[in-house]
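Novice: Below are the sequence and a predicted model; questions follow.
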Amino acid sequence: MRKKVLCLLASLLVIPAVAIAQGIDASPSDDPAPTVEADVSTRTLEVTTGFTGHEIVVFGAIDNSRAPIGDNHYYDVVVVVEGTPFPLVVRRKSDVGGVWINTSSVTFASVPSYYAIASTRPIEEIAGPPVLERHAIGFRHIKMTPGPSYKGTLKDYELAAFREAVIRLKKKQKLYVTEPKDGVTFVGRSLFRASIPLPANVPVGPLVARTYLFRDGQVASAHIARVTLHRAGIERLVHNFAFVYPASYGIIAVLLAVAAGLAASAYFRRQPG
């Protein structure tokens with residue numbers, strides 16, 4: 001009996017020793033996965049008649065960061081700020097007998113009214129097209145779906161040409177913005193920030209700020225914050241009146257235009273020859 005007890009004790013002592021020698025730990029050894037937390041400098045923004053644009057700051061931190069101290073290139077961060085999608089009609093003009101006229105058009109069912117992107121590096125260096133397409137990151141991967149009536153009637157290159165036209169026009173209006181290299185900067189080991197410009201003509205409505213944490217070309221974590229742009233002051237009163245009483249608004253607008261024309265005519269008639 002004593003011999004059996006001694007053998008059992010010896011086996012209990014040998015098993016932990018073997019486990020340690022083989023690097024086996026009874027408790028979980030995996031570190032918590034890194035996650036990204038982010039927020040915006042302002043949650044609401046008033047748009048008045050004197051609105052000349054604004055800049056919002058997206059800032060955040062990487063929890064459970066595994067980046068070595070002093071290594072700001074271990075992770076990549078991409079920030080995308082997107083406005084409310086709206087239907088959009090794109091027309092193509094052609095030279096017909098020396099006159100430029102609209103010869104074709106495409107109605108996209110949903111196009112972001114505003115789109116800005118900032119990243120630690122050019123997005124093409126951060127991830128491949130399939131990953132960027134999956135998360136709608138970058139101008140090439142913005143979701144623009146043509147209306148049902150165009151399904152199967154447009155070839156891929158024709159649809160691509162209309163998409164490029166939309167992006168080109170939005171860029172010209174400063175509604176589609178790409179921040180240059182180092183648009184997202186790290187402050188220390190895990191803190192980061194990005195500045196996103198909002199032009200004076202930014203459409204009023206909610207904005208969604210999506211922050212992605214990348215590692216080895218894959219999205220490790222993501223976070224969403226929201227910003228609301230709303231009209232205020234006289235602009236809000238005029239806007240609400242126009243939508244609640246459209247007929248009255250139209251009549252008043254015509255009367256104001258006529259009054260302004262008569263006043264200008266009377267002024268110029270009084271001016272000396």
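Specialist: Thanks, I have the structure now.
Novice: Break down this structure into its helices, ranges please.
Specialist: In the chain, the helices defined using DSSP state H lie at 2-21, 123-126, 129-134, 156-172, 234-244, 246-270.
Novice: low pLDDT regions in this structure?
Specialist: Filtered on pLDDT under 70, the chain yields the residue ranges 1-30, 70, 72, 95, 102, 149-153, 180-181, 232-249, 272-273.
Novice: residue closest to the middle of it?
Specialist: Centroid check for the chain by C-alpha atoms, centre = their mean gives Val81 as the closest residue, at 2.5 Å.
Novice: What distance do you get for that one to Ile117?
Specialist: Using C-beta to C-beta, to the nearest Å, Val81 is found at 8 Å from Ile117. C-beta: built from backbone N, CA, C; applies to glycine.
Novice: now Val78
Specialist: 7 Å.
Novice: Asp39 now?
Specialist: 18 Å.
Novice: Between these two, which is the more surrounded one?
Specialist: Neighbours per residue, other C-beta atoms under 10 Å: of Asp39 and Ile117, the larger number sits with Ile117, 23 against 14.
Novice: Ala194 versus that one, what's the distance?
Specialist: For Ile117 relative to Ala194 (C-beta to C-beta), the value is 10 Å.
Novice: go on, Ile142?
Specialist: Ile142 is 19 Å from Ala194, by C-beta to C-beta.
Novice: Neighbour count for those two, which is higher?
Specialist: Ala194 (26 against 21).
Novice: OK, contacts around the more buried one?
Specialist: Taking C-beta atoms under 8 Å, 6 or more residues apart in numbering, we find Ala194 in contact with Val57, Val58, Phe59, Val77, Val79, Ala118, Glu179, Gly183, Val184, Thr185.
Novice: and the last one, what is it in contact with?
Specialist: This points to Thr185. Shown in contact with Thr185 (C-beta under 8 Å, 6+ apart): Thr120, Phe192, Arg193, Ala194.
Novice: now with 10 Å?
Specialist: Asn72, Val77, Ala118, Thr120, Leu191, Phe192, Arg193, Ala194, Ser195 (C-beta atoms under 10 Å, 6 or more residues apart in numbering).
Novice: Count the neighbours of the closest residue to the third one other than its chain neighbours for me.
Specialist: It stands for Ala118. Closest residue in space to Ala118, ignoring its immediate chain neighbours: Gly183 at 3.1 Å, by C-beta to C-beta, 6 or more residues apart in numbering. Gly183: 21 surrounding residues under other C-beta under 10 Å.
Novice: I'd guessed Gly183 sits against Asp76; true?
Specialist: No. Contact criterion C-beta atoms under 10 Å: Gly183 and Asp76 do not qualify, at 11.4 Å.
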